[in-house]
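K.L.:
turn this into a structure:
(one chain, ligands or ions: 1)
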Amino acid sequence: INIEDKGKAYSFSYDKVFGPEAKQLDLYEEIAQLVQSSLDSFQICIFAYGQTGSGKTFTMIGTSQEQGMIPRSADDIFDKIHSLETWSYDVHVSVAELYLHTLYDLLAPDKGKVHDLSALSEVLVSNKDDAITLLEKAFCKRSVSCTMMNEESSGSHLLFRLRLSGSNKDTGPKLGVLNFMDLAESKNVIKSGSLDELLDEAKGAAAAVGVSWGWDEEKQKRYAGGLGNGNGQVLLSGYFGSGFGYFSHI
Ligand SMILES: Nc1ncnc2c1ncn2[C@@H]1O[C@H](COP(=O)(O)OP(=O)(O)OP(=O)(O)O)[C@@H](O)[C@H]1O
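P.N.:
Model prediction:
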């Protein structure tokens, strides 16, 4: 996709674009290989980015009838783990919110602030339902209340993480991580229509998922460390409508 803004040309490419008729299963088929990779010691990050109301949370979490990427991945992971004979896996869940540059541990009883991702609480789970129950409980502990989401969600990024530690008596251990990020888009950027603000916001979002793109090293480490730097990242991005939001989205 080629775009021109204030006389400057920008070029972007996508591996795949899904139309409005796409179902959750279509998207899941696209990421299923990465979910498998997380069982094979890779650190994976799958993140959703797009304007408010465009379906990021629907895509990530979904509904009971149309489950999103997180429950489908958890289902797949436990199916695979339970079918293995020589390997056994421990699956730990963490849930965090990155809000106004502060990281909150949503599984801590007091929703404590943490300095980096390695300090997040982890809960050992043995099935998909326990993992999703933790996510649902954590979801409503965010700084932005559930009822205010579409109005006020700017700046509240949600991280759901599965840490997968495999052991096998004949070979060494395996440690993989599967991160899901539901990234909020800044409404200020959309309102102002400023390309500079847009790029700054994009840097923040990129740093949050571990892409090196201009943030200072300290910030990068705090937010990105452990999210799988450069290792299996997929962006699921949602957009509808027209105007400046179109550029921001791309
Ligand atoms: N593909 C879809 N099919 C059916 N309903 C959808 C779809 N995508 C989104 N929705 C519905 O649209 C509404 C907004 O979606 P959602 O909350 O996922 O957006 P969002 O991008 O996460 O917004 P925010 O940034 O405000 O959190 C929800 O009611 C959701 O159920």
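K.L.:
taking the protein, what residue is nearest to the ligand?
P.N.:
For the chain, the residue closest to the ligand is residue 55, as judged by C-beta to the nearest ligand atom, at 2.9 Å. The C-beta positions use only the backbone N, C-alpha and C, and glycine is treated the same way.
K.L.:
the spatially closest residue to residue 120 that is not a sequence neighbour is in what secondary structure piece?
P.N.:
Distances taken as C-beta to C-beta, 6 or more residues apart in numbering place residue 94 nearest to residue 120, at 4.1 Å, with adjacent residues excluded. Secondary structure assignment for residue 94, by DSSP states H and E: strand 88-99.
K.L.:
sheet-wise, list the partners of that strand with their directions.
P.N.:
The strands beside strand 88-99 in its sheet (DSSP bridges) come out as strand 102-105 (antiparallel), strand 123-125 (antiparallel), strand 156-167 (antiparallel).
K.L.:
if we can go back for a sec, give the contact list for the residue nearest to residue 120.
P.N.:
By C-beta atoms under 8 Å, 6 or more residues apart in numbering, residue 94 lies in contact with 105, 107, 117, 120-123, 159-161, 163.
K.L.:
show the buried residues in those.
P.N.:
Buried by 16 or more other C-beta atoms under 10 Å: 105, 107, 117, 120-122, 159-161, 163, out of the contacts of residue 94.
K.L.:
in CSV: the contacts of residue 94, plus distance to residue 40 and pLDDT.
P.N.:
Below are those laid out as CSV (distance: C-beta to C-beta, whole Å; pLDDT from 0 to 100):
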residue, distance to residue 40, pLDDT
105, 28, 94
107, 26, 95
117, 21, 79
120, 23, 90
121, 26, 94
122, 21, 96
123, 23, 97
159, 22, 90
160, 20, 94
161, 17, 93
163, 14, 94
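K.L.:
cool, thanks, signing off.
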